[in-house]
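A.B. asks: Fold the following and give me the result.
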Amino acid sequence: MSTFHLFPDLPPELRRLIWEYFMYMQPRIVDTSWGEIINRVEVPIDGLGSSKRREIISRAPTPTILYISRESRSVGESHYRRSPLCRGPKSREGQRSDFIWLNFDIDTVVTHASQLCPVRPEVPDWNLIQRLHVTADYDQMDDFPPDGSKFAEFGALKSVDISYLLAPRTGLMELIRFDMKTRDTYVHDGAHDWYWARDDRRCLRQIICVLISPRTADKLQTQAPTPTVKYSRMADASSLALLPFQNPSWYSA
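C.D. replies: I've put the predicted structure just below:
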């Protein structure tokens, strides 16, 4: 795209609208996972009377709008908040920040079904999440009632997506969406579409997490007919990979 050199000459109000449009065109997928055992985090681990404590971490980078310019950062800070929901990615010095930037209006928080049990609503900002995506094992699907009642304690939720792999050999996946306002449930299943990932903007907006084994991920990566399809495993979950999913007509990031 060619540079628009007259942008600084536009009225401040118009520039702000452009920055906001830029921001809302980039909703983020914020992965979360359990990190290393530490001594100071408030989140307990349930089961067997364990007194160990761990932290919730994310590898999601700082939103682009926060470091383009002073003006863009000013706009971004009016929409993003420093959330203590989880700790951010490591810096060059190897230290994690005590917060992560989140815009709860547009960002989707991704977690695994096994993380929902030990995480309680008292976790800071957990009940501010509006869009939640849960990856699950096939045998965990019985834990999710069809009315979405499992998520009722998180009052701000607008939608919950649950994805799991039906057939590792074929890549057949199922995506379930709960609309928390209407209590409607949508189900879509089908094979992933490799060529669908060629539309980069669409891919970034619609990509979801699916639980597969590392061996399956490597095999699918080898068989992919286009080099634009990439896999990215999460920090401490060696069995988790990112797959592009064929876009159902009702699905929106």
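A.B. asks: My guess is Leu128 contacts Asp105. True?
C.D. replies: No: Leu128 is not in contact with Asp105 according to CB atoms under 8 Å; the separation is 10.1 Å. Glycine gets a C-beta too; all of them are placed from N, C-alpha and C.
A.B. asks: okay, the two: which has more neighbours?
C.D. replies: A direct count of neighbours by other CB atoms under 10 Å for Leu128 and Asp105 places Leu128 higher, at 16 against 12.
A.B. asks: Let me see the domain layout of this structure.
C.D. replies: Using automatic domain parsing, the domain parsing of the chain gives 10-102, 130-253.
A.B. asks: Show the end-to-end separation of the first one, please.
C.D. replies: By that I understand domain 10-102. Terminal residues of domain 10-102 lie 28 Å apart, using CA to CA, to the nearest Å.
A.B. asks: how near is Glu13 to Arg70?
C.D. replies: Glu13 is 17 Å from Arg70, where distance means CB to CB, to the nearest Å.
A.B. asks: Equivalent analysis for Phe104, please.
C.D. replies: Distance, Phe104 to Arg70, by CB to CB: 24 Å.
A.B. asks: Same drill for the two, tell me which one is more crowded.
C.D. replies: Remark: of Phe104 and Arg70, Phe104 carries more neighbours, 18 against 7, as counted by other CB under 10 Å.
A.B. asks: from memory the more buried one sits against Trp126, does it?
C.D. replies: No: contact criterion CB under 8 Å: Phe104 and Trp126 do not qualify, at 10.8 Å.
A.B. asks: Quickly list what's touching both of these two.
C.D. replies: In terms of CB atoms under 8 Å, 6 or more residues apart in numbering, Phe104 and Trp126 are not both contacted by any residue.
A.B. asks: Leu14 - how many residues pack around it?
C.D. replies: Around Leu14 there are 10 other residues, counting by other CB under 10 Å.
A.B. asks: looking at the protein, which helix or strand does the model trust least?
C.D. replies: Least confident helix or strand of the chain, by mean pLDDT, DSSP states H and E, is helix 200-206 with a mean of 32.
A.B. asks: How about residues contacting the helix or strand hosting Leu14?
C.D. replies: Taking DSSP states H and E as the criterion, Leu14 maps to helix 12-24. Applying CB under 8 Å, 6+ apart, the contact partners of helix 12-24 are Phe7, Pro8, Leu10, Pro63, Ile65, Glu71, Ser72, Val75, Gly76, His79, Asn103, Ile106.
A.B. asks: buried set for it?
C.D. replies: Neighbour counts over helix 12-24 (16 or more other CB atoms under 10 Å) mark Arg15, Arg16, Trp19, Met23 as buried.
A.B. asks: How about stretch 101-116?
C.D. replies: 101-104, 106-113, 115-116.
A.B. asks: Check stretch 60-80 too.
C.D. replies: Across stretch 60-80, burial judged by 16+ other CB under 10 Å covers Ala60, Pro63, Ile65, Leu66, Ser72, Arg73, Val75, Gly76, His79, Tyr80.
A.B. asks: what do you get for stretch 113-133?
C.D. replies: 113, 115-116, 118-119, 123, 125-126, 128-133.
A.B. asks: Filter these down to just the ones in strands.
C.D. replies: Of these, the ones assigned to strands by DSSP state E are Arg131, Leu132, His133.
A.B. asks: Touching, Ser33 and Ala60? I think so.
C.D. replies: No: counting by CB under 8 Å, Ser33 sits too far from Ala60 to count as a contact (11.1 Å).
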